[in-house]
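Q: quick one, what's the 3D model for this:
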Amino acid sequence: MTQDELKALVGQAALAYVVPGSIVGVGTGSTVNCFIDALATMKDQIAGAVSSSIKSTERLLAHGIPVLDSNEVTDIPVYIDGADEIDPTGCMIKGGGAALTREKIVADLAARFVCIADASKLVDVLGNFPLPVEVIPMAAQQVMRRFASTYGGEARIREGVTTDNGNVIVDVRGLRITDPLAMEAEVTLWPGVVTVGIFGRHKASVCLLGTEEGVKTLTFGG
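A: Next comes the predicted model:
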């Protein structure tokens, strides 16, 4: 199966986690696009969606799915999104599409996070994928120096990218994230950091993994 076919497979499988009559949290990225296309087949059975990016909002609206402002919503049963990496405990690196801040906001509203990904995203230890960090522009160099001194990471500003919130993305290479919760807590406190792309506190409850044998369901405690 091609990667696109695996993405379509897990996007379709995620429909089983949508609660009829509810508002659905929708993430960002190519795998999520497959989920949005699948969600359109049952759009009359949901109350609408809360979206984590302008691109996802546009795709949802194009399918006739109502999109609600997150400030109008107090909680949602499920948030469905992809990951750049996911470890055996359900912690993830996210932000390859530069939507990590809004993704974390929507994930915080949700009772469950369902991650949809192909098998290549499952890793033993996070960090091979460059860690995205959304940073207020005036703090970028300071944050990059701190990654080098604190974690030995090589940080660079992602060229030509401005987030939906008007900030820059710093990508950090050379990390081995053995304690995602601790690093997430530490980096989040650095002045100028808006969001770090470690999803430890908001880790996946379930991961639908696209494999050559079909969709494999991983469930995580905690």
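Q: show me the domain layout of this structure.
A: 3-123+201-219, 131-197 (automatic domain parsing).
Q: which of these sits most buried?
A: Among the domains of the chain, domain 3-123+201-219 has the highest mean neighbour count (mean count of other CB atoms under 10 Å), at a mean of 20. (Each C-beta comes from the backbone N, C-alpha and C, glycine too.)
Q: give me the distance between the two termini of that domain.
A: 22 Å (CA to CA, to the nearest Å).
Q: check stretch 39-53 too.
A: 17 Å.
Q: which other residues reach it?
A: Stretch 39-53 has contacts (CB atoms under 8 Å, 6 or more residues apart in numbering) with 15, 18, 20-28, 57, 60, 63-70, 73, 76, 81, 97, 99, 102-103, 105-106, 109, 164.
Q: still on that earlier bit, now mean pLDDT too, for the domains of the chain, in CSV please.
A: Formatted as CSV, the domains of the chain follow (pLDDT from 0 to 100):
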stretch, mean pLDDT
domain 3-123+201-219, 96
domain 131-197, 98
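Q: who's in contact with the nearest residue to residue 18 once chain neighbours are set aside?
A: If the residues on either side of it in the chain are set aside, residue 18 comes closest to residue 24, at 5.6 Å by CB to CB, 6 or more residues apart in numbering. The contact partners of residue 24, taken as CB under 8 Å, 6+ apart, are 18, 39, 46, 48-50, 76, 78-80.
Q: mind doing that once more with 7 Å?
A: Shown in contact with residue 24 (CB atoms under 7 Å, 6 or more residues apart in numbering): 18, 39, 46, 49, 76, 78, 80.
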